[in-house]
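Trainee: The following block contains a protein sequence and its predicted model.
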Amino acid sequence: MFSSVFGLAALLVTVATAFTLPSDCPCGYRDPDTQQLSTDALIVYFNETDSINPDEFLIEDYAHKKEQGWNAIYKQGAKPANVIITEYTAVYPRVQALDLRTDPPVSNHLVNGGGLRSVRQDIQYGSFQAALKSASQWTGGTALSLMLRYNSSDGMAMDFMNMKDPADAGVSNLINGEWPSVDLITNFTILSDAGLRPWTSFINARMDYNDTNAAFYIADNQTRAVTEKHRTLPKAGQALQLKSWSTGDTTWMEGPPSVNASHSHVLWVRAFFNSSAMTGAEHEAFDERCGSASFCSTNDMMLRNSTAYSPASALVWKDNPKDKRIRKNAGIVAACCSSFGIFALINVFFRRTPWHKLRPGKSESRDPTEALRSYLRRSLHKKTDATSVSDTSSEKAHDRKTPSSGISTPSIRTPLPAYGAQTPRSGYQTPVPAYDTLLPPVPSMGTHHRSVSLASIPRMSSPSQASLSTQISHGDSATPRPESIDEKDHTVLDRIEEAPQLEHDPQDQARPHDPFTDKHEINYPFDDKFDLQPKATAAADPFSSAEKGKQAAVTVNPIDLQLDVGGEVAKVLPKPPPTKRIDYLAGLVAVACLGVTLHHFCQTFWPWVTNGYGPSAHYVKAEKWLQIFLGSYLLTSLWIGPFFLTATRFLSTNYFKNGNLEDIAKKELRRAPRLFVPIIITSLLEYFLISLNVTGSLQWLPSVSWSTWPYVAQQPNFGAYLNNIIELLYLMPNAIPEIVTHYCVGVLWTVPVQLQFTYVVLTATVLIRDIRNPWKRFGFYAFVILAGWYARSWSACHWCGLLLSDLENTYKWKAYLQKRPLALWAVIGGAFISAAGAPLISVFNQDWSFDTAENSLHPDFASGKPLMGVGSVYPDYNEPTLTILLFSIGLQILVELSPLVQKLLSFKVILWLHPHIMTVYLTHGFVMWSWGAWCAIALESAGIPYWANLLVTLVTTYAFIFLLATVLTPLMDFPTQAVMRTLDRWTKDDPVAKRDTTSPFSRDLVVNRQGSDHAAGEL
């Protein structure tokens, strides 16, 4: 008995003395392969201990409320009960190891795993090794990770992933938050081919890094090497972690376990590193003490235990503060500039806000228009009274000055400024420069001649005034004129301002009105065909001779305003009716736009209501019924179809009515800028905002909303952005533009469809109108609609819209059906069944998909065979389906024939949205994926129930969308209209001939300004 005990004690002493302890390595550890020196070590063999040393590792206990990842719909958690040191029986011989368990998810999508984190958080540079074995096959996707982590963008990791399908299992090698792309994963089949057994044995994993390079090894074989030239490397002091986890990310570890927990195992961990907590003095003392000493080898497998550390090593690493004076000064400048902008906006807000409308009692007196009219009355009255007293002769009566308001009245004339320095300066007289070269003299009705400068040419301050002076007919010069205008006659001005159109000469209606091309024409002085001979007219000569020594005067074109003594207006036509807008069609477009945005909102924040399948239901029982009634109609993806049908209706209506090809030409010319100017503005705005990480919260949203639909990536550079914009102009449907992944929600895939089929529709309109035989006409419609459907082309929707437009404008089918009630109700009933029944098809997508079955009938473009023979697939979002076609046609017919539907779509609230539909359509995705994502994550972190979270996010997001639309719509409409006007001018007007800078004056005006006798060429 005594001898056996003595022998066991001797054996233990021999084993103990064989181990190398940290005290035996006072100068640290050196890697014999890389010659990298490490001052500290953390070594644990789980097969040699029964518990976790709290001075080395902490057992983690946490539950995340959000998770980063585009496909991470589950959140990570950790429980101490999932960390066990036990005997592992799946290998032979059996061995004791650390068991890290991963549980199936709970109702709030939390997946509890097991993990250890080192107490020390000052680990910086070194070599980190572990013997790992991933979870078994077919137990649900789980990752067993050896990692260093400071935050999501600073760290290293090796993940052993078993995946749902064992054929996809592998080991990832990641740095600083990289995504596990295929080139960063070493598949298990490669390890098996190398003689390893990743499913049944422990595999040695190793990570090395310093400030210039990093490397990954599996079983001493390097699988990846990175230098600082390729990418940034970890710099922070970090903690070492061992954990098993799953977020359900289909591009990572997949999973999580569905029924039973999965088990991952760790045999040992060895880490050799430097401390970020060491001060400069400690580094100098270490170098002085260990300059010539020997070091322990990191390959020594007899090393045990860990290096002692100070309390500072357990604190979270903080970067050394740097000089921030430049950033502070830049912040001060930015704050000053921003304050000026804010004060300017506040000033504009208070000055431009119609406060009088908020005070009903004073609204009339403070109306700016009424105030302007009152000012004009007072000014005109004052001037006419003054001139009536001072001008006694008929000649002086024609020399009255024009009021400062700019409105010309009969017998009121503007004086021509004199050419001398003695000219008095006033609000009505501006001295003219002493030009040596004047325009040729203009003959008057008498014998005198007078030189004319540009200042003497009548101007019109606005098109409305120009039109006014042109439209008023010139009466006989003998017609009596009132010497003054009494207060009771001030309504004349009101009527003039309010009348949008006066009586035209029939010959003038075919040309635009211009102040230089009216009845009393004064030719444009820059025109080569400048004619000094006045046009023959019955009116008095607009120029009159001035008395000697007096200032010359020019009479402004007489206004064709027939005034009697009482000041009544003659020949003023009533205000023409405004252009008639079909309100219910405008309302339909607005509702369709709103339906598309709501569908995108639910795809982002409430996916199960729109999809009806998958693990994305927050409230299963409630959402099941909401998906049938709410998701199938209001939140359906079918709303995109009415957009195309209604657009076709607007494009073709005028030509079907009048057959004027000019209408076709205008629409073909204007369609592209009308689409692309707003698109360029919003896409450029999103380009910069996404580069500023305004949509950064979106990557965390899937773990809150359980939707993997939202995704947006920053453009690599501005050249790529320009390339994507140009691609939109030429891409043929149904191809998906590259800009879709760089634009929030990706709605721009519809732009090639709208642009390309605009030209198809306009050309088809001309073609259809020339087919006179109704049977041939509608036979052609049937053929092209069926061909478009079979080819999976959006042309079927556009041809249906063209058919409905033709029925309305050519065949007057609504009037025809109104006389036949039975036929009317039959058509309405069929349209209702089509519009109401098509959305219900999506209810059965879980058991059987109608869209998949219908899509299998179409041809596969690669092979020419039906898709059912190649492989039936659900149609992509950019491909038309029969349900979209049926829903769009049925809804359009209901809108055209049902007075009730027309009344509902004509509500003012709906029509208010119509001018903003382009802005809402282009910007709603960005608002949802920036503000909406941040709001949802913030409310989730605050512990708000998801139904309240969803409601608050919905209200605030749409308030933001509508507010942004009211601001951006005018800003986008102004350049759009300007571009279209410029295009019209380029296509209609001849370019202006090139002229000298000083034309129509000589060069002496500039060269010989001092009046020298030298010629221009001699200076």
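Mentor: In hand now; what should we look at?
Trainee: okay, CA-based contacts and neighbour counts for the rest of this
Mentor: Noted.
Trainee: what about the helix or strand containing L146, distance to the chain center?
Mentor: Following DSSP states H and E, one finds L146 within strand 143-151. Offset of strand 143-151 from its chain centre (CA atoms, centre = their mean, to the nearest Å): 35 Å.
Trainee: Give the partner strands of the helix or strand just after it in its sheet and their orientations.
Mentor: Using DSSP H and E, the helix or strand that follows strand 143-151 in sequence is strand 154-161. Here strand 154-161 is paired, per DSSP bridges, with strand 143-151 (antiparallel), strand 170-175 (antiparallel).
Trainee: Show me the shaky parts of this structure.
Mentor: Applying pLDDT under 70 to the chain flags the ranges 1-19, 321-325, 356-373, 375-581, 843-847, 1009, 1011-1019.
Trainee: hey, which strand is longest across it?
Mentor: strand 262-275 (DSSP state E).
Trainee: Give me the helices and strands touching that strand, please.
Mentor: If you count contacts as 3 or more CA pairs under 8 Å, 6 or more residues apart in numbering; DSSP states H and E, strand 262-275 packs onto strand 37-38, strand 40-45, strand 95-102, strand 123-133.
Trainee: re the thing from before, got TSV for the strands paired with strand 154-161, with mean neighbour count and distance to P899 too?
Mentor: Converted to TSV, these look like this (neighbours: other CA atoms under 10 Å; distance: least, CA to CA, whole Å):
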stretch	mean neighbour count	distance to P899
strand 143-151	24	61
strand 170-175	24	63
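Trainee: Let's have these in TSV, adding distance to L857.
Mentor: Formatted as TSV, those follow (distance: least, CA to CA, whole Å):
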stretch	distance to L857
strand 143-151	42
strand 170-175	39
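Trainee: With respect to A72, which of the ones you listed lies nearest?
Mentor: Closest to A72 of the strands paired with strand 154-161 is strand 143-151 (CA to CA; 13.3 Å).
Trainee: Okay, angle between that closest one and strand 123-133 too, please.
Mentor: Inter-element angle recorded for strand 143-151 and strand 123-133: 170 degrees (by axes from the mean of the first three to the mean of the last three CA atoms, to 10 degrees).
Trainee: Give me the contacts around strand 143-151.
Mentor: By CA atoms under 8 Å, 6 or more residues apart in numbering, the list of residues contacting strand 143-151 from outside reads 130, 132-135, 155-162, 236-246, 253, 264.
Trainee: ok so, going back, which of the strands paired with strand 154-161 sits closest to C290?
Mentor: Going by CA to CA, the one of those nearest C290 is strand 143-151, 27.9 Å.
Trainee: out of everything not next to it in sequence, what's closest to M207?
Mentor: For M207, ignoring the flanking residues on the chain, the nearest one in space by CA to CA, 6 or more residues apart in numbering is F216 at 4.8 Å.
Trainee: so that neighbour makes contact with T186?
Mentor: No - counting by CA atoms under 8 Å, F216 does not reach T186; the two are 10.9 Å apart.
Trainee: Have a look at these two and say which one is more surrounded.
Mentor: Neighbours were counted for F216 and for T186 using other CA atoms under 10 Å; F216 has more, 24 against 19.
Trainee: got the contact list for the more buried one?
Mentor: N173, A205, R206, M207, D208, Q222, T223, R224, A225.
Trainee: Quick check: it is in a helix.
Mentor: No - looking at F216 with DSSP: H, G, I helix; E, B strand; the rest coil, it is strand, so not inside a helix.
Trainee: Could you give the separation between the terminal residues of stretch 730-743?
Mentor: Using CA to CA, to the nearest Å, the end-to-end distance of stretch 730-743 comes out at 18 Å.
Trainee: Stretch 194-213 now?
Mentor: Using CA to CA, the span of stretch 194-213 from its first residue to its last is 26 Å.
Trainee: in that stretch, what's buried?
Mentor: 196, 198-199, 201-210, 213 (16 or more other CA atoms under 10 Å).
Trainee: among the strands paired with strand 154-161, which is nearest R327?
Mentor: Closest among those, using CA to CA: strand 143-151, at 23.9 Å.
Trainee: about what we covered before: just want the angle from the strand holding L146 to strand 95-102.
Mentor: Angle of strand 143-151 versus strand 95-102, following the same axes, to 10 degrees, is 70 degrees.
Trainee: Just grab the bridge partners of S38 for me.
Mentor: Residues in beta-bridge contact with S38 (DSSP bridges): Y29.
Trainee: ok, it - how many residues close by?
Mentor: So S38, with other CA under 10 Å, has 23 neighbours.
Trainee: same check, this time on D300
Mentor: 12.
Trainee: mind listing what it touches?
Mentor: No residues are in contact with D300 under the rule CA under 8 Å, 6+ apart.
Trainee: any idea how far it lies from C25?
Mentor: Distance from D300 to C25, by CA to CA: 12 Å.
Trainee: hang on, isn't V747 packed against I739?
Mentor: No - between V747 and I739 there is no contact under CA under 8 Å: 9.7 Å.
Trainee: Between those two, which is the more surrounded one?
Mentor: More neighbours surround I739 than the other of V747 and I739, with 24 against 18 (other CA under 10 Å).
Trainee: Next, the closest residue in space to that one that isn't next to it in sequence: secondary structure please.
Mentor: Spatial nearest neighbour of I739, excluding adjacent residues (CA to CA, 6+ apart): N724 at 5.5 Å. Here N724 is helix, with the state taken from three-state DSSP.
Trainee: same question, the one 3 residues further on
Mentor: Of the three states, E727 takes helix under three-state DSSP.
Trainee: ok, which stretches of the stretch 801-950 of the chain are helices?
Mentor: Using DSSP state H, counting those that start in this stretch, the helices found in the stretch 801-950 of the chain span residues 813-818, 821-840, 850-855, 867-870, 882-897, 899-905, 908-913, 917-927, 933-941, 946-988.
Trainee: just to revisit the earlier point, using CSV, write down the CA coordinates of the helix or strand that the longest strand of the chain is followed by.
Mentor: Next in sequence after strand 262-275, counting helices and strands by DSSP H and E, comes helix 280-289. Only the C-alpha atoms of helix 280-289 are listed here, as CSV (Å, rounded to 0.1, in the frame of the first residue of the first chain):
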residue,chain,number,x,y,z
GLY,A,280,6.7,53.2,-22.6
ALA,A,281,8.7,52.8,-19.4
GLU,A,282,7.7,49.1,-19.1
HIS,A,283,8.8,48.5,-22.7
GLU,A,284,12.2,50.1,-22.0
ALA,A,285,12.6,48.0,-18.8
PHE,A,286,11.7,44.8,-20.7
ASP,A,287,14.2,45.6,-23.5
GLU,A,288,16.9,46.3,-20.9
ARG,A,289,16.2,43.1,-18.9
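Trainee: which ones are touching A225?
Mentor: A225 neighbours (CA under 8 Å, 6+ apart): N213, A214, A215, F216.
Trainee: Buried ones in whichever strand or helix holds it, by neighbour count?
Mentor: Element membership of A225 [criterion: DSSP H and E] is strand 221-227. Using 16+ other CA under 10 Å as the test for burial, strand 221-227 gives T223, R224, V226.
Trainee: same deal with stretch 855-864?
Mentor: Neighbour counts over stretch 855-864 (16+ other CA under 10 Å) mark N855, S856, H858, P859, D860 as buried.
Trainee: Over to stretch 995-1008?
Mentor: For stretch 995-1008, by 16+ other CA under 10 Å, it's S1002, R1003, D1004, L1005, N1008.
Trainee: Ok, stretch 50-58 next?
Mentor: I52, E56, F57, L58.
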